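Q: Dropping a prediction and its sequence here:
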Amino acid sequence: MTNTRMKAQRKKLNMSQTELAQKASATRQTIGLIEAGEFNPSLKLCLSICYALDVTLDEIFWEDQSHEKEN
C-alpha cells in the first residue's frame with residue numbers, strides 16, 4: 001500500500017525526498033520506498049518523519065479499517 005498521505009504532506013511543504021530524509025535522519029531511498037509502500041518503517045522512523053512533516057502519526061500512518069475493506 002502506497003503512502004500517498006506522506007507524499008502529499010511532503011509536497012504541500014515543498015519538500016523533496018532528500019530534504020525529508022535529512023530532517024528524519026533517513027536516506028532518500030528509504031523515503032522513496034516508504035512512499036511506494038515497499039518498506040515498513042520502524043516506529044522511531046515514523047515519528048521522525050511526522051516531526052519533520054509537522055503532522056501526527058495518525059495523519060500519516062494510521063490505516064482506516066473501513067478503507068482496507070474497500071480495497
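A: Okay, I see it.
Q: CA atoms for contacts and neighbours, from now on please.
A: OK.
Q: quick check: mean pLDDT across the helix or strand harbouring K44?
A: The secondary structure element spanning K44 is helix 43-53 (assigned by DSSP states H and E). Confidence over helix 43-53, taken as the mean pLDDT, stands at 97.
Q: Packing partners of it?
A: Helix 43-53 sits against helix 17-24, helix 57-61, with contacts defined as 3 or more C-alpha pairs under 8 Å, 6 or more residues apart in numbering; DSSP states H and E.
Q: Pull the residues that contact that helix.
A: When contacts are defined by C-alpha atoms under 8 Å, 6 or more residues apart in numbering, helix 43-53 is touched by residues 9-10, 13, 20, 23-26, 56-57, 60-61.
Q: Now list the buried members of these.
A: Neighbour counting with 16 or more other C-alpha atoms under 10 Å marks 9-10, 20, 24, 26, 60-61 as buried within those.
Q: got a list of what the closest residue in space to S16 that isn't next to it in sequence touches?
A: Across the structure, with C-alpha to C-alpha, 6 or more residues apart in numbering as the measure, the residue nearest S16 apart from its sequence neighbours is R10 (7.1 Å). For R10, the contacting residues are 16-17, 20, 53, by C-alpha under 8 Å, 6+ apart.
Q: of those, buried ones?
A: Buried residues within the contacts of R10, counting neighbours by 16+ other C-alpha under 10 Å: 17, 20, 53.
Q: Quick check: the first one vs A8, distance?
A: Computed as C-alpha to C-alpha, to the nearest Å, the Q17 to A8 distance reads 12 Å.
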